[in-house]
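Chemist: Have a look at this prediction, sequence included:
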Amino acid sequence: MSMKRTNVYADPADLALIKQAAAARGISEAEIIRHGIHLAAMSTRVWTEPLNWPTFDGPGTPVTRDDIADAMSDSGER
């Protein structure tokens, strides 16, 4: 993956935590920062298309414990 260099300002306390975590995990500070940037980018992403969630046929009411127990006993797996 190609990378682009950028400069950011960070709180010294945060940088100290990153330094400690990198040493403890045996990875570079840059790797932790890249991971944090990725998480921030994905958490603020705005999707332009609706999600394609699967739909299921059913009565439209929540399934109860009794419904599950009945289904399991009907299948002989109870």
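Modeler: Sure, I can see it.

Chemist: give me the element residue 72 is part of.
Modeler: helix 65-75 (DSSP states H and E).

Chemist: Please state the offset of that helix from the chain centre?
Modeler: Between the centre of helix 65-75 and the centre of its chain there are 33 Å (CA atoms, centre = their mean, to the nearest Å).

Chemist: Would you mind putting the CA coordinates of the worst-scoring helix or strand of the chain on mean pLDDT into CSV?
Modeler: Least confident helix or strand of the chain, by mean pLDDT, DSSP states H and E, is helix 65-75 with a mean of 86. The C-alpha trace of helix 65-75 is given here as CSV (Å, rounded to 0.1, in the frame of the first residue of the first chain):
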residue,chain,number,x,y,z
ARG,A,65,-38.2,-18.0,24.0
ASP,A,66,-41.3,-20.1,23.7
ASP,A,67,-41.2,-19.8,19.9
ILE,A,68,-37.6,-21.0,19.9
ALA,A,69,-38.4,-23.9,22.3
ASP,A,70,-41.4,-24.9,20.1
ALA,A,71,-39.3,-24.8,17.0
MET,A,72,-36.6,-26.9,18.6
SER,A,73,-39.0,-29.5,20.0
ASP,A,74,-40.7,-29.7,16.5
SER,A,75,-37.3,-30.5,15.0
